[in-house]
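Q: Model the following, please.
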Amino acid sequence: MDRTGDTPRTAQVVRLIHTALVGGVLLAGGTFAFMVHVRGPAPGGSEMLGIVLPAIGMGLVLVSASILRRRVPEPRAQQTPDAYWAAAENRGAAIVLWAATEGAALVCLVGYFLTGAPAAAAAAVVALATLILYRPSRLERGT
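A: Just a heads-up that it's a prediction; the model follows:
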């Protein structure tokens, strides 16, 4: 089957990437919450990690929301989502934004897994909410 005439659906691919990132955070969070609930925090986790890791995660969220978000270009007037995401600079900047925000959530979740600290879980929820806030449909609208 020859597929040379097919045009890439870039917006769909970008949405799939974002969905996979959100799904990964949700899966890790659910797994860690289950493990902490069933077995308790991981052995050897110090209370300090329950403070340090969420602080690092929140620092990453601040960097994402302040610096990395500004690096995602605004769409031109009347630009379609596929045309917006076809530009490598738009995709690249958005993926860096999402990766940093997902990393923040995962760092917080590791802190929760190691210590069971509610602050770490709350910080992970904030990071996940930030990742969802910067979804592709919102970036391609420029809001």
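Q: contacting residues for the residue nearest to the spatial centre of the chain?
A: In the chain, the residue lying closest to the centroid (Cα atoms, centre = their mean) is E102, at 3.0 Å. When contacts are counted by Cβ atoms under 8 Å, 6 or more residues apart in numbering, E102 is found next to 21, 24-25, 127, 131. For every residue, glycine as well, the C-beta is placed using N, CA and C.
Q: quick one: which two of the residues you listed are the most distant?
A: Farthest-apart pair in the contacts of E102 is G24 and A127; separation 12.4 Å (Cβ to Cβ).
Q: Comparing those two, which residue is more hemmed in?
A: Remark: of G24 and A127, A127 carries more neighbours, 27 against 13, as counted by other Cβ atoms under 10 Å.
Q: What sits closest to that one if chain neighbours are left out?
A: A105 (3.7 Å; Cβ to Cβ, 6 or more residues apart in numbering).
Q: Give me the pLDDT for the one you found.
A: Reported pLDDT at A105 in the predicted model: 98.
Q: Next: the one 5 residues further on.
A: On pLDDT, V110 comes in at 95.
Q: which ones are touching it?
A: So V110 contacts 32, 53 (Cβ under 8 Å, 6+ apart).
Q: what helix or strand is it on?
A: In this assignment (DSSP states H and E), V110 forms part of helix 88-115.
Q: What's the first helix or strand after that helix?
A: Where DSSP H and E defines the elements, the next helix or strand beyond helix 88-115 is helix 118-133.
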